[in-house]
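Student: For reference, the sequence and a predicted model appear below.
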Amino acid sequence: MTLKVAIAQMNIALGQPEVNKQTVAQYAQKASEAGADILIYPEMWNTGYALTDLPQLADNDGERSRQLLARLAKTYQLNIVGGSVATMRDGQFFNTMFVFNQLGQQVARYDKAHLFGLMNEEKYIAAGSQPNTFELAGVLSAGVICYDIRFPEWLRTMMSSGPQAILYVSAEWPIQRIAQWQILLQARAIENQAFVVAANRVGSDRDNTFGGRSLVIDPLGNIVAQGTDADEMLVTADIDIADETAIRGQIPVFSDRRPELYR
Ligand SMILES: NC(=O)CCC(=O)C(=O)O
């Protein structure tokens, strides 16, 4: 089965959800024109890392973001991995991913599990603790957010139940660590024998310049498509999920695992 995946490598206006909503809508139209089956957005696209302003800016239970994403999914018949958005729930803030199928139905919700201390994320945001696997466009997938990628055991927990793709969203991956970003993603693709589709933002905020280089990687770790390090753009690629089945058959790492040794 061949799927066209699209990544919205967008800039994010710090603390301006209404501006960012317009950008998100523009990328859905572009992805539809490009014939995409799946569109993926970056992390914290509603607010950027405006962490001190979350009481004013965070989306109550993600409602406004969910309404927008559901409408875009339905209008353009796109499967959408809605990046992540700053949400508020029960008096706490979360960094939350919502996923919608092309009928506009929500198929997943995930709160980022590993919070990034270098940016004080844990001082403002509560960590999630539930894994995130879902079926999208007929492909069982796992979804994680930014710093989560540095915890291979977290992804392995999810990938062991059968997903064929890792749909990964980031925003705040700065240009000075962009080489690490690429290596980590290629490693996750190879060790999990899965496609990786990874969105990163471009542009700057008060503290950082972000490094783009959104990536589509095949299960052997080869780069199928990539964004530039600085430009806003839609990155697209065709991926053949049948390839991944063949690769898992050749080197059966999942059945060769010895979980009794891993403590
Ligand atoms: N927003 C994040 O989780 C950033 C993670 C990051 O930059 C890293 O190097 O890890």
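Tutor: Sure thing, it's come through.

Student: phi, psi of L103?
Tutor: Reported as degrees, to the nearest 10, the phi and psi values for L103 are phi -90, psi 0.

Student: where along the stretch 1-150 of the chain do the helices fall?
Tutor: Taking DSSP state H, counting those that start in this stretch as the criterion, the stretch 1-150 of the chain contains helices spanning 17-33, 54-57, 63-76, 121-124.

Student: wait, does the last one make contact with the ligand?
Tutor: No - no part of helix 121-124 sits near the ligand under the criterion C-beta under 6 Å from any ligand atom; the closest distance found is 6.7 Å. Using the backbone N, CA and C atoms, a C-beta is placed for each residue, glycine as well.

Student: Tell me the buried residues in that helix?
Tutor: Under the neighbour-count criterion of 16 or more other C-beta atoms under 10 Å, helix 121-124 has 121, 124 buried.

Student: Over to the second one?
Tutor: Across helix 54-57, burial judged by 16+ other C-beta under 10 Å covers 54, 57.

Student: Off-centre distance for stretch 155-172?
Tutor: Stretch 155-172 has its C-alpha centroid displaced from the chain centroid by 9 Å (C-alpha atoms, centre = their mean, to the nearest Å).

Student: ends of that stretch, how far apart?
Tutor: 20 Å (C-alpha to C-alpha, to the nearest Å).

Student: Over to stretch 210-229?
Tutor: The first and final residues of stretch 210-229 sit 8 Å from each other (C-alpha to C-alpha).

Student: Next, the buried residues of that stretch.
Tutor: Applying a neighbour-count criterion of 16+ other C-beta under 10 Å, the buried positions in stretch 210-229 are 210-219, 221, 223-227.

Student: biggest separation within these, which pair?
Tutor: Based on C-beta to C-beta, the longest span within the buried residues of stretch 210-229 runs between F210 and P219 and measures 27.0 Å.

Student: about what we covered before: mark which of the buried residues of stretch 210-229 are part of strands, please.
Tutor: With strands defined by DSSP state E, the entries of those inside them are 210-211, 215-217, 223-226.

Student: What residues does A126 make contact with?
Tutor: Taking C-beta atoms under 8 Å, 6 or more residues apart in numbering, we find A126 in contact with 92-94, 111.

Student: Geometric centre of the chain: which residue is closest?
Tutor: Centroid check for the chain by C-alpha atoms, centre = their mean gives V169 as the closest residue, at 2.3 Å.

Student: Spit out the contact partners of the residue of the stretch 151-263 of the chain found nearest the ligand.
Tutor: Of all residues in the stretch 151-263 of the chain, the one sitting closest to the ligand is E172 (3.6 Å; C-beta to the nearest ligand atom). By C-beta under 8 Å, 6+ apart, E172 lies in contact with 43-44, 49, 116, 119, 146, 201, 208, 210.

Student: hmm, try it at 10 Å
Tutor: Each residue near E172 by C-beta atoms under 10 Å, 6 or more residues apart in numbering is listed here: 12, 42-44, 48-49, 116, 118-119, 121, 146-147, 200-201, 205, 207-208, 210-211.

Student: I183: what's it in contact with?
Tutor: Counting by C-beta under 10 Å, 6+ apart, I183 makes contact with G221.

Student: Next, give phi and psi for it.
Tutor: With angles defined as degrees, to the nearest 10, I183 shows backbone torsions of phi -60, psi -40.

Student: how near is it to D205?
Tutor: The gap separating I183 from D205 is 24 Å, by C-beta to C-beta, to the nearest Å.

Student: likewise A126?
Tutor: For A126, the distance to D205 under the criterion C-beta to C-beta works out to 22 Å.

Student: Isn't I166 up against P152?
Tutor: No - under the criterion of C-beta atoms under 10 Å, I166 lies out of contact with P152, with a separation of 11.1 Å.

Student: Which residues are in contact with each of those two?
Tutor: Taking C-beta under 10 Å, 6+ apart as the contact criterion, the residues that touch both I166 and P152 are 159, 188, 192.

Student: Out of the residues you listed, which is nearest to V139?
Tutor: Using C-beta to C-beta, M159 is the member of these that sits closest to V139, with 13.0 Å.

Student: Quick check: phi and psi on the closest residue to W45 other than its chain neighbours?
Tutor: Of all residues beyond its chain neighbours, the one nearest W45 is G83 (4.6 Å), with distances taken as C-beta to C-beta, 6 or more residues apart in numbering. According to degrees, to the nearest 10, the main-chain angles of G83 amount to phi 50, psi -130.

Student: Noted, bye for now.
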